[in-house]
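A.B. asks: Here is a sequence together with a model predicted from it:
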Amino acid sequence: MSTQDTKERLELLQGTLDMLILRTLIFGSQHGQGIARAIQETSEKELLVEHGALYPALQRLEERGWISAKWGVSSNNRKARFYALTAAGRKQLVKETNKWQRLTGAIARILGPQRAKS
Amino acid sequence: MFGRKRKLDDFTSEIEAHIQIEIERLREQGLSEDDARAAARRSFGNVMHAEERFYESGRWLWWDHFRHDIRYALRVLRKSAGFTAIAVLTIALGIGATTAIYSVVDATLLHPLPYPQPEQLVSIEDDLPGVGAQDVGMSEPEWQDLQRSGIFEYVSPTWFDENNITGSSQPARVRLLIVAPNYFALLSVKPQLGRSFNPEDHTPGLLQEVLISDGLWKRAFGGDPHILDRNVRLDTDLYQVGGVTPEGFDAPGRTAEERNIEVWAATSFYGGPMSDHPRRSGRNLPTAIARLKPGLTIAAAQSRVDALVASLQKQYPVDYPLQSVWTVRLVPLKERVVGNVRQSLILLFGAVGLVLLIGCVNVANLLLARASARGREMAVRQALGAARKRLMSQLLTESLLLSLIGGVFGIAILLCTKAFLLRFVPANLPRLNDISISWSVLLFALIASRIAGAIFGLAPALHAGRVDLTHALKEATRGSTGSGQQTRTRRALVVTEFALSLVLMIAAGLLLRSFWDLLNVQLGFNPQSVMTVRTRLPYPNNPKTDIYRTPAQEAPFFREILRRARTLPGVEEAALGDTASIPLDQSLRDLKLISEGQFLFVLEGHDICSDQPAVVERSSVSPKYFDLLGIPLLRGRLFNELDTDNTAQVAVINEAFARLYWPGQDSLGQRFKSTRAESPWITVVGIIPNARTESLAQASVPQVYLDVYQTGAKRLTILLRGHLDTAATAELVREQVQSVDPTLPVSDTQTLSETVSASLSERRFSMEMVALFALTALLLAGLGIYGVISYMVSERTHEIGIRVALGAQKRNMQRIVVREGLALALAGAAVGFVCALVVSHLMAGMLYGVRPTDPLTFAGVAFLLIGVALLACYIPARRATRVDPLVALRHE
């Protein structure tokens, strides 16, 4: 049972997908499939990202002006829509990251002693 | 699709690219083409779902929904044509009527006066509250004081009068306004032809040039383009036409006569024919208008005027006795023009607004009834996944569309019937010609119909949002879908409707009773088979050329006219009087008041200086006047042939006068005199009973009658009694008058009954309109209760069937149904009573003879309303008794 547990991927928490997308784009512009792949791989396949769910998020970020998009050609010569981080998006990423670290820190402090007990 | 950032196609091809890239990556890892495709699709998830979410994030989604809703609503409305027709008609009537009244309110109350910077224009009114005199006019020195005070840009006295114009085919009576030379500069109005007076002109006497109105120019001079070269004779004096005022220019006056001026003459109010040195206490300038200095508010100007008045009172203590408390009021000019119609218009607007509201409630009821018939449809659609929000917005769209169509129809009806409706508007309404269906009126109609739609659409929409699915679907199979909630709402609506109609009915009832009482009031004189014709003797500027200068010079003319009048066919009696002698003719009374001022007098035996002059109504009449009007003599004597210019002046007074000034004494033989210089003492020789010659609503107005042979009169009324053909007799009178003096105009032929009836025209208009609205409201309320009760019966067919099958009496069934309706009507009446009490107190000023809480009106209206409710319930109740238990039970 324990082995299966580790294999079951974690579902993304509400609102974190935006932050992960912004973070992924910090290394340069990327198309949708690339972003999905990058999130999965950098999380060492712990996170489950349904590729379809990525697109409404991308749409949203684009509308807010945090990322920009234009059609380009992928490494294997396929037409794809490439997303890039904007200055506003960079600022947003810093803000989100700070918030997230404070949140996880606080949760860790609460959960910490309990873990010690068990 | 502007506004949506990306097209769906673009999005789809992005997803396509994503999947292709994923497939290629998986193929590189060694999967077969099919496996790779399947895996890519799997990891992408639901493509359709992604596309839908993309679509919903588009900003124009609401527009798509809106278009759908409109299309759907149109389809639904077209399918239930009967319902749509009734709803649209109700709304159209409501919006049409409300907009009609609004267009009048807009033109009169809301629009500023049609002169530049109208907010700076004021009317100056002098009061002497110490002696109970209002708007007494000002003197020339006071005018100069105001002019030089630095408060006003211009001040112009205005003196309304009549005049005889000769030179065209017939001598005619024209309405003349004598103004200061700055009058047109004050109003900032430029003539369409020629030029206006020089505002700085201060020469004595009347200026040689006059301005004429567009109407007179076209009527009397055929629109002659060379009019400026022509001369006109006004009261035999020669004037030059200096200019023609623009078309549609109305003078700012209180009455229709004062607004519809035909000739403007200018003077600085001193020098012949006026006094060379006008006295400060001679208040001979009846009214004045002024333009404030720019930037000065009326309140600021008023306080400066108050200071000026105080200092003048100190400076001239003899002219301004402290007891009379001379005050000068600045009133917005607009107030003077429209002030006396405000209350009636607001009442009408309120009434018509209530009708619209009742119409809305009715449509809401219809919609609710239909909503329950469509309950199954709604339930099924919800069960299939329609969002409640969407269903509600769909229903709201339907209502709004309905109201919009109703509004458009309403305006269409209004535009078609505009000319017809305008005929009902009393002719003395100010700014009558400005009434139009303007953009602001259209905007009002649009907003009114949108609000109406929101009001009547809200209840059904809210209900749709609260449908209990299982219940609705189950119920639907039994042919009865109204939820308890819905029934409650519909009842509440009917109660509201009844309450609102009750308020309207009571308002109408009170106005009707006032009107009825006024119609049946004891006049104290007999207007039957009396007609009046007017003529006017000229007032030349040079008194030496005046052949009618003194009463003695006028007397032969009076005698000759009366002699000739008595020989006319059908004439039984003839008498003469001045304009104030025509009973109940308000406009002429005002004219006399304006041109001659109020009759201020002092009583003999009272110290003239300390005692305050009193104000009274007075008219000059010939001896037969009282006989002709059927006014009896109480004591003393009437005038006779022996009262002439050479004998002491005598007066006949009414009881009110006697009681007010000589209480507990015999008034016969008492003397009084006008406060004007060199006025003779007047002896009371006769007392007559009070007659309502001044106003129908006031029973005892003190009045004085003087002998026309002693006072003389320029504005003459010829009164004739007999079986007369009015028009033919008027023509004969004209011939006779003009054969005596061919320069005299003959005008304003009326029967006295017409005059009496015309004195009620404003009241009649308000009453008829409110009564019309109240009847509409009653009809709508009746329909409303009928709808609810008959719906209740159809809803309970099953229950009634069972009851009848178990042996219930038909009469019992009927009673149950009627009781239901009656309860609603009574609840509505109770709520309405409270509101009606508030409203009736607000309109107390428009009532006559009835108190605002008149129990008879309240009870009568309540009974009428309940009667209508009973009738409306009776029809469905009969249907309830005819329920065949077999059919009803099989219904299931």
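C.D. replies: Yep, that arrived. The shown structure was predicted, so the numbers you read here are calculated from the model rather than taken from an experiment.
A.B. asks: what number of residues lie near the residue nearest to B:Tyr183 when sequence neighbours are not counted?
C.D. replies: Spatial nearest neighbour of B:Tyr183, chain neighbours left out: B:Ser156 (4.5 Å); criterion: CB to CB, 6 or more residues apart in numbering or on different chains. The way it works is simple: take the backbone N, C-alpha and C, and place the C-beta from them, glycine included. Counted with other CB atoms under 10 Å in any protein chain shown, residues neighbouring B:Ser156 total 28.
A.B. asks: And for B:Leu856?
C.D. replies: Using other CB under 10 Å, B:Leu856 has 10 neighbouring residues.
A.B. asks: Average pLDDT for stretch B:691-700, rounded please.
C.D. replies: Across stretch B:691-700, pLDDT averages out at 83.
A.B. asks: Next, the distance between the ends of it.
C.D. replies: Stretch B:691-700 stretches 7 Å from its first residue to its last (CA to CA, to the nearest Å).
A.B. asks: what about the longest helix in chain A?
C.D. replies: For chain A, the helix that runs over the most residues, judged by DSSP state H, is helix A:87-117.
A.B. asks: and it, what does it pack onto?
C.D. replies: Applying 3 or more CB pairs under 8 Å, 6 or more residues apart in numbering or on different chains; DSSP states H and E, we find helix A:87-117 packed against helix A:16-25, helix A:51-64.
A.B. asks: try 6 Å this time
C.D. replies: helix A:16-25 (3 or more CB pairs under 6 Å, 6 or more residues apart in numbering or on different chains; DSSP states H and E).
A.B. asks: residues in contact with the helix it packs on?
C.D. replies: Residues outside helix A:16-25 that contact it (CB atoms under 6 Å, 6 or more residues apart in numbering or on different chains) are A:Ile35, A:Ala38, A:Ile39, A:Ala57, A:Leu85, A:Gly89, A:Leu93, A:Glu96.
A.B. asks: Which positions in that helix come out as buried?
C.D. replies: For helix A:16-25, burial by neighbour count (16 or more other CB atoms under 10 Å in any protein chain shown) applies to A:Leu17, A:Asp18, A:Met19, A:Leu20, A:Ile21, A:Leu22, A:Arg23, A:Thr24, A:Leu25.
A.B. asks: Go through those and say which is closest to chain B.
C.D. replies: Of all the buried residues of helix A:16-25, chain B sits closest to A:Leu17, with 13.1 Å by CB to the nearest CB.
A.B. asks: Below-threshold pLDDT in the chain: ranges please.
C.D. replies: Here I'm looking at chain A. A:1-14, A:113-118 (pLDDT under 70).
A.B. asks: Chain B was what I was after
C.D. replies: For chain B, applying pLDDT under 70 flags the ranges B:1-6, B:54-61, B:168-169, B:373, B:464-485, B:589-590, B:592-598, B:606-613, B:888-892.
A.B. asks: if I read this right, B:Gly832 contacts B:Leu500, doesn't it?
C.D. replies: No: with contact defined as CB atoms under 6 Å, B:Gly832 does not reach B:Leu500; the gap is 7.0 Å.
A.B. asks: More neighbours: those two, which one.
C.D. replies: When neighbours are counted by other CB under 10 Å, B:Gly832 and B:Leu500 differ, and B:Gly832 comes out ahead with 28 against 24.
A.B. asks: mind listing what the more buried one touches?
C.D. replies: Per CB under 6 Å, 6+ apart, neighbours of B:Gly832: B:Ala499, B:Leu502, B:Val503.
A.B. asks: Name the nearest residue to it, sequence neighbours excluded.
C.D. replies: Closest to B:Gly832 by CB to CB, 6+ apart is B:Leu502, at 2.9 Å.
A.B. asks: What separation is there between that neighbour and chain A?
C.D. replies: 56 Å (CB to the nearest CB, to the nearest Å).
A.B. asks: now do B:Trp439
C.D. replies: 38 Å.
A.B. asks: Tell me how many other residues crowd that residue.
C.D. replies: 8.
A.B. asks: B:Met138 now?
C.D. replies: 25.
A.B. asks: Is it bridged to anything, and to what?
C.D. replies: B:Leu285 (DSSP bridges).
A.B. asks: Confirm the residue nearest to B:Tyr183 sits in a strand?
C.D. replies: Yes: counting by DSSP: H, G, I helix; E, B strand; the rest coil, B:Ser156 is found in a strand.
A.B. asks: which residues touch it?
C.D. replies: B:Ser156 touches B:Val179, B:Ala180, B:Asn182, B:Tyr183, B:Leu186, B:Ile289, counting by CB under 6 Å, 6+ apart.
A.B. asks: How is A:Gly72 assigned, secondary-structure-wise?
C.D. replies: strand.
A.B. asks: wait, doesn't it sit right on A:Phe82?
C.D. replies: Yes: applying CB under 6 Å, one finds A:Gly72 in contact with A:Phe82, separated by 4.4 Å.
A.B. asks: Show me which of the two is the more surrounded one.
C.D. replies: Applying other CB under 10 Å to A:Gly72 and A:Phe82 shows that A:Phe82 carries more neighbours, namely 18 against 13.
A.B. asks: Can you give me the buried ones in whichever strand or helix holds that one?
C.D. replies: If you go by DSSP states H and E, A:Phe82 is part of strand A:79-85. Along strand A:79-85, these residues count as buried under the neighbour rule (16+ other CB under 10 Å): A:Ala80, A:Arg81, A:Phe82, A:Tyr83, A:Leu85.
A.B. asks: contacts for it?
C.D. replies: By CB under 6 Å, 6+ apart, strand A:79-85 touches A:Leu25, A:Ser29, A:His31, A:Ile67, A:Ser68, A:Ala69, A:Trp71, A:Gly72, A:Ser74, B:Glu14, B:Ala17.
A.B. asks: Rebuild the residues you listed as CSV, extending it with distance to B:Ser440.
C.D. replies: Below are those laid out as CSV (distance: CB to CB, whole Å):
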residue, distance to B:Ser440
A:Leu25, 55
A:Ser29, 56
A:His31, 57
A:Ile67, 49
A:Ser68, 48
A:Ala69, 48
A:Trp71, 52
A:Gly72, 56
A:Ser74, 62
B:Glu14, 51
B:Ala17, 57
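A.B. asks: Quick one, which of those residues are buried?
C.D. replies: A:Leu25, A:His31, A:Ile67, A:Ala69, A:Ser74, B:Glu14, B:Ala17.
A.B. asks: The residue of chain A found nearest chain B and B:Asp35, how far apart?
C.D. replies: Distance from chain B to each residue of chain A (CB to the nearest CB) is smallest for A:Gly52, at 3.6 Å. If you measure A:Gly52 against B:Asp35 using CB to CB, to the nearest Å, the figure is 20 Å.
A.B. asks: and the two? which has more neighbours close in?
C.D. replies: A:Gly52 (22 against 13).
A.B. asks: on that earlier part again, pull out the buried positions in the longest helix of chain A.
C.D. replies: Going by neighbour count (16+ other CB under 10 Å), the buried part of helix A:87-117 is A:Gly89, A:Gln92, A:Leu93, A:Glu96.
A.B. asks: Stretch B:78-94 now?
C.D. replies: Result for stretch B:78-94 [16+ other CB under 10 Å]: buried residues B:Phe83, B:Thr84, B:Ala87, B:Val88, B:Leu89, B:Thr90, B:Ile91, B:Ala92, B:Leu93, B:Gly94.
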